[in-house]
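Asker: sequence and computational prediction follow.
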Protein chains: 4
Amino acid sequence: MKAVRLARYESTPELVDVADPVITSPLDVIVRIGGAGVCRTDLHIIEGQWASKTNVALPYTLGHENAGWVAEVGSAVTSLAVGDAVILHPLVTCGLCRACRAGDDVHCTASAFPGIDSDGGYAEYLKTTARSAIKLDSSLQPVDVAALADAGLTAYHAVAKAARVLRPGEKAVVIGAGGLGHIGVQVLHALSAAEMIVVDQNADALALAKELGAEHTVLADGSQVDAIMDLTAGAGAEAVLDFVGEGGALADGVASLRRAGNYYVIGYGGSLDIPTIDIISTEINFIGNLVGSYNDLAELMVLTAQGRVALHTSTYALTDFAAALDDLDHGKVRGRAILVP
Amino acid sequence: MKAVRLARYESTPELVDVADPVITSPLDVIVRIGGAGVCRTDLHIIEGQWASKTNVALPYTLGHENAGWVAEVGSAVTSLAVGDAVILHPLVTCGLCRACRAGDDVHCTASAFPGIDSDGGYAEYLKTTARSAIKLDSSLQPVDVAALADAGLTAYHAVAKAARVLRPGEKAVVIGAGGLGHIGVQVLHALSAAEMIVVDQNADALALAKELGAEHTVLADGSQVDAIMDLTAGAGAEAVLDFVGEGGALADGVASLRRAGNYYVIGYGGSLDIPTIDIISTEINFIGNLVGSYNDLAELMVLTAQGRVALHTSTYALTDFAAALDDLDHGKVRGRAILVP
Amino acid sequence: MKAVRLARYESTPELVDVADPVITSPLDVIVRIGGAGVCRTDLHIIEGQWASKTNVALPYTLGHENAGWVAEVGSAVTSLAVGDAVILHPLVTCGLCRACRAGDDVHCTASAFPGIDSDGGYAEYLKTTARSAIKLDSSLQPVDVAALADAGLTAYHAVAKAARVLRPGEKAVVIGAGGLGHIGVQVLHALSAAEMIVVDQNADALALAKELGAEHTVLADGSQVDAIMDLTAGAGAEAVLDFVGEGGALADGVASLRRAGNYYVIGYGGSLDIPTIDIISTEINFIGNLVGSYNDLAELMVLTAQGRVALHTSTYALTDFAAALDDLDHGKVRGRAILVP
Amino acid sequence: MKAVRLARYESTPELVDVADPVITSPLDVIVRIGGAGVCRTDLHIIEGQWASKTNVALPYTLGHENAGWVAEVGSAVTSLAVGDAVILHPLVTCGLCRACRAGDDVHCTASAFPGIDSDGGYAEYLKTTARSAIKLDSSLQPVDVAALADAGLTAYHAVAKAARVLRPGEKAVVIGAGGLGHIGVQVLHALSAAEMIVVDQNADALALAKELGAEHTVLADGSQVDAIMDLTAGAGAEAVLDFVGEGGALADGVASLRRAGNYYVIGYGGSLDIPTIDIISTEINFIGNLVGSYNDLAELMVLTAQGRVALHTSTYALTDFAAALDDLDHGKVRGRAILVP
């Protein structure tokens, strides 16, 4: 089959022919890819930013946001049939460790992360297991939801965590209304009655956020902290959801937080640098967010089937992967880029 | 009355005569001080580290860990009588704001913090309100529990928060078994069946921690992270309770944390400096801790009356306040220093 | 002033002249009533159903759902001014007991409940304290929100509790879409993405529920359990919110519950009679609900000011109280009846 | 192999020869039984009390509390090796449904319950899967811990749930200090600093409870509610853990509960019959408890290996099963009866 593989860090991946994946274990599932999301993390991987975190052996196939149709199942798989349309939880998990059994499968002690530390979905076929496939509602198509498998799931996971403690009348600041952020805005609107304040450097992104349910939008033109303070009667917001995680976003986000507030770290790239006295004197929390659990993804698919979450996508043929990566790097993708084999 | 007041930052406070406090509001309570704890925060205040956080007008009376006997009550106070032995919650709170009503009185929007931003308990009398006084069990004396009012309460608050999510078999690392830390060890032993690993530079502190319930102790001699990894099968601990918050403690603490683990920031002085990718790739949380609520202090007094928490103290006459501060600064206090008017 | 007082159980209350209430304590607040809700509990009180629960001394003034304008304040009240439009939390609480301090002021150990165990708001003036008054948003009028003070607050409290554990894709059955129920429907729609199934004997009530956000409605014609099972793929609902609490509602509700489901008891009148083996073999929970906290009411007022919760009301002059009670008893009130002095 | 099978309800089971179980699925595990607990539920099964709940086809092999050694594993099992000493979670679960993935495997939608609805452990061998086996610490023997697999797990599950919300100074009433109850007492002592009040009709059981950590014991001689009220300053207990669930225990338990208290239903046999007004006017909750999750059992094994939980057992040869059942029925078993093949 055709696959887009990374051979060396800081070089463009290549489209090559590789062997089709084969079933080797009773719970294995092979999926024909219907869509594979192109994510900023792919750029970070190519730059080598994840090399020491994953120790993946090069070359390997990129693509960690995948949806498609079941092509083949192992002997013990009873929950799926060939032809089922599915979205794939990004991790392949064991189901036996303490984390898996506690519903925290993201921290499975024996997981693989196709596209990150093993072969991913920039290809015609992908091997996963029955534990990772969620059947799609008949109203949903793989190509339309693929980017929800990781970007959307990360946004859902963080926002749902915030929504569980936000109350009516409380304020939530969303920093960054781009790829992940605009999903986060929709999820927060669906799950919470808190007042949403969305901050972005891009006026179009803010206009979209308002359409998707944001009560307030603030242009990040240097006066954003003042604007947030005005909107929160000088007290700051109970929650900051930071989808940027670099540049001035962190300092601004912390300055926008109310005493005892929660700062959800979602975007990454920069550093959090804060005196411990500032953490304890206001008693704020920093909450890490990786990606959601299988159940989180199932819940996100419910919101999607209900029409409460929708994703703008631009599709590219698998053979045009380099254009997709390039467009993403230069901010030219409308919504999320999806590769279609 | 006599009071120890700070007139200028970076200079020694002075013992002076000031007017006795008087009842001005129906819920006011005047307490005759039986003991006032001398805390490292007092040294930080004198150094000016809190000046920009509190904007307190100098001169003012230090002392934020207070216990004694009710001397006089306002017209609307029905829950206390003159002569009652009491420990004082460190904050004077309004009881009307959203935070007070939610049990989070530490974040009262109209609070005072005697000894920090208003006159404290290094004096013969202190004015507070009925909302801040907790009657002592007949087995307890003000001088013995005073230092629990803030140092102990902070430790209780952080440890109780951790204990609510720790399960049998999980590991909790306690960094620093000094003034606050050795109370934290006792509270964790009382509230949780998690396995405790205590880290300190001082072998005596570790010996005491073992006596107080620590399952494991680790000398902070440079190999402490390795030792913690050995004790956690290479996975790290589910919780790190950092009572130090400066120097190498932070980096070591983060390195000792398991994926999805919680880092409780309690001590302060240094800075947390961490790439956001390290927060999200392991999905760890940093939990700020200021001081506990009134109910937290009431619970700590229960543990104290039950004999589950005890405090080593060294008493000094109020007139010897300078010696107490000096001994603390030079690490010469056994347990906590208490001023007795 | 004029007041409607109950002199004997099982007899109609009477409109009489009584002395105006006077400030006796520094936190007292006297409110000029703008609206007082007429509630089914008033009928139960008149029938004597609450006599042994409250031991109130007759005669006393009914009316436990009150809103109006501040007429006079005690010497220590700083948070309110004469003329402020306010809704009153139904309880007068101490602010000092463990429950008040934990945000659970409904279980204050020294509370009064005007209209239930002391003089209420079927009158020109009512005495409460600063702890019970919530200032209204300028868009809200006392007469329009009065019935939210207890009926609405009860619905909010129960539904918000349920919403905190409901997830997208889960099902919530609302039994009874009348006075409380139709508020509950609006609150659930605002706070949760769970699928709502509303059951009622009245087709008009169901039509209204659908308008207010219910995904499914089921006529209680004897086949309602079957209908719910059809809507839940035979598994039952994760939550049942029972606003009826008598007749067949309880048995039907239990039969509609999924394994590990939560049954929220809100309405009352009947008995729960269930073999313990049925509780443990399915591991279901029964959650009692009295009325919400002050913060719950503040949150409900946010939803109301946002237009997410609205109440149909029929106003009656205070002098027409008997007609209001009679209409309620005979099911002739459209929405909630409100007495206006 | 030899197995004790139930052929008809209300008749004594029989020891018969049946075929050894065989591996049929890749995750199957066959365990050589080292000990099988004899439980009051076995008596209830024989009486037919569970017939309509399980619809099990007779004859089948009893025994739902099992521990032993791994005898054979399926082709996909990597977490266990032949010879490993294991305790078995009582359910065989799918690992794929929403409940399993949320850590609530007890409510797996495709589970089997050996000994309840399929062949159990009153036999030489038992078939389960890799998802149900927990390796024992080297300090533990199957025969000593077998009864913790269900009775102990049920007690742990309920008590751990209560411990998560109990605070120092709060009171927990344990009704029944027999087989399950005396494990519950040990677990509560290990996990919580709440004050424990144990109620039983048997003075020896109370003496044991005191040894195991109960602060107070109360003989159930008719004055137990008064005694509990005395011990709780007239307010009642924050939690009641009812290990009896029949006779007067329920009414007494409800009468012993504080406002807003939690009643944990664990024992069964009788009925809960309570007016809904009594549920809502005090806002109490009834919490069902079936059996714990796999992680619960793992945590209980930690407490057992630490020596915090110990079980009194009396062993019987498998061939003496009838004596064991008979002794249990007549209250003649010391601790828990264990069958050893």
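Answerer: Arrived safely.
Asker: mind giving me the packing neighbours of the helix or strand of chain A with the lowest mean pLDDT?
Answerer: Of all regular secondary-structure elements in chain A, judged by mean pLDDT, DSSP states H and E, the least confident is helix A:51-54 with a mean of 88. Packing contacts for helix A:51-54, counted by 3 or more CB pairs under 8 Å, 6 or more residues apart in numbering or on different chains; DSSP states H and E, involve no helix or strand. For the C-beta atoms, the positions are set from N, CA and C on the backbone; glycine is no exception.
Asker: mind listing the strands for the stretch 51-200 of chain A?
Answerer: Across the stretch 51-200 of chain A, reading from the start of the chain, the strands by DSSP state E, counting those that start in this stretch fall at A:60-61, A:66-73, A:85-88, A:125-129, A:133-135, A:171-175, A:195-200.
Asker: okay if I get the ones you listed as JSON lines plus distance to chain D, mean neighbour count and mean pLDDT?
Answerer: Putting the strands of the stretch 51-200 of chain A into JSON lines (distance: least, CB to the nearest CB, whole Å; neighbours: other CB atoms under 10 Å in any protein chain shown; pLDDT from 0 to 100) gives the following:
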{"stretch": "strand A:60-61", "distance to chain D": "24", "mean neighbour count": "22", "mean pLDDT": "98"}
{"stretch": "strand A:66-73", "distance to chain D": "13", "mean neighbour count": "23", "mean pLDDT": "98"}
{"stretch": "strand A:85-88", "distance to chain D": "13", "mean neighbour count": "26", "mean pLDDT": "98"}
{"stretch": "strand A:125-129", "distance to chain D": "10", "mean neighbour count": "24", "mean pLDDT": "97"}
{"stretch": "strand A:133-135", "distance to chain D": "10", "mean neighbour count": "21", "mean pLDDT": "97"}
{"stretch": "strand A:171-175", "distance to chain D": "25", "mean neighbour count": "29", "mean pLDDT": "98"}
{"stretch": "strand A:195-200", "distance to chain D": "28", "mean neighbour count": "26", "mean pLDDT": "98"}
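Asker: out of those strands, which is closest to chain B?
Answerer: Taking CB to the nearest CB, strand A:171-175 is the member of the strands of the stretch 51-200 of chain A nearest to chain B, at 12.2 Å.
Asker: quick one: contacts of the least confident helix or strand of chain A?
Answerer: The contact list for helix A:51-54 (CB atoms under 8 Å, 6 or more residues apart in numbering or on different chains) reads A:9, A:113, A:116, A:117, B:277, B:281.
Asker: how about the residue of the stretch 1-150 of chain A found nearest chain C: what's its closest non-neighbour residue?
Answerer: Nearest residue of the stretch 1-150 of chain A to chain C, counting by CB to the nearest CB: residue A:137, 10.3 Å away. Taking CB to CB, 6 or more residues apart in numbering or on different chains as the measure, residue A:137 lies nearest to residue A:305, with 4.0 Å between them; neighbours along the chain are not counted.
Asker: tell me the pLDDT at that neighbour?
Answerer: Among the per-residue scores, residue A:305 shows a pLDDT of 97.
Asker: quick one: neighbours of it, just the number.
Answerer: Using other CB atoms under 10 Å in any protein chain shown as the criterion, residue A:305 is surrounded by 17 other residues.
Asker: ditto for the one 4 residues further on
Answerer: Neighbours of residue A:309 under the rule other CB under 10 Å: 27.
Asker: just give the number of residues close to residue A:250.
Answerer: With neighbours defined by other CB under 10 Å, the count for residue A:250 comes to 25.
Asker: shouldn't it be in contact with residue B:276?
Answerer: Yes: using CB atoms under 8 Å, residue A:250 makes contact with residue B:276 at a distance of 7.3 Å.
Asker: which one of the strands of the stretch 51-200 of chain A lies nearest to residue D:236?
Answerer: Taking CB to CB, strand A:171-175 is the member of the strands of the stretch 51-200 of chain A nearest to residue D:236, at 39.4 Å.
Asker: hmm, back to that, export the contacts of helix A:51-54 to TSV and tack on distance to chain C, neighbour count and pLDDT?
Answerer: Below are those laid out as TSV (distance: CB to the nearest CB, whole Å; neighbours: other CB atoms under 10 Å in any protein chain shown; pLDDT from 0 to 100):
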residue	distance to chain C	neighbour count	pLDDT
A:9	39	13	96
A:113	25	19	94
A:116	27	21	95
A:117	29	18	95
B:277	29	20	93
B:281	26	16	92
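Asker: go through these and flag which are in helices.
Answerer: Of the contacts of helix A:51-54, the ones assigned to helices by DSSP state H are B:277, B:281.
Asker: find the closest residue to chain C in the stretch 201-341 of chain A.
Answerer: Closest to chain C within the stretch 201-341 of chain A is residue A:302: 3.9 Å, counting by CB to the nearest CB.
Asker: quick one: contacts for that residue?
Answerer: Applying CB under 8 Å, 6+ apart, the residues near residue A:302 are C:168, C:169, C:193.
Asker: hmm, 10 Å instead?
Answerer: Residue A:302 makes contact with A:137, A:190, A:308, A:309, C:167, C:168, C:169, C:170, C:193, C:194, C:195 under the criterion CB atoms under 10 Å, 6 or more residues apart in numbering or on different chains.
Asker: per-domain residue ranges of chain A.
Answerer: Residue ranges for the structural domains of chain A, counted by automatic domain parsing, are given in the record as A:2-147+A:311-340, A:153-288.
Asker: go through those domains and pick out the most buried.
Answerer: Each of those was scored by mean neighbour count; the highest is domain A:153-288, a mean of 22, by mean count of other CB atoms under 10 Å in any protein chain shown.
Asker: residue numbers of the stretch 1-150 of chain A in contact with chain D?
Answerer: By CB under 10 Å from any CB of the partner chain, the residues of the stretch 1-150 of chain A that approach chain D are A:25-27, A:74-80, A:89, A:93-105, A:110, A:130-131, A:133.
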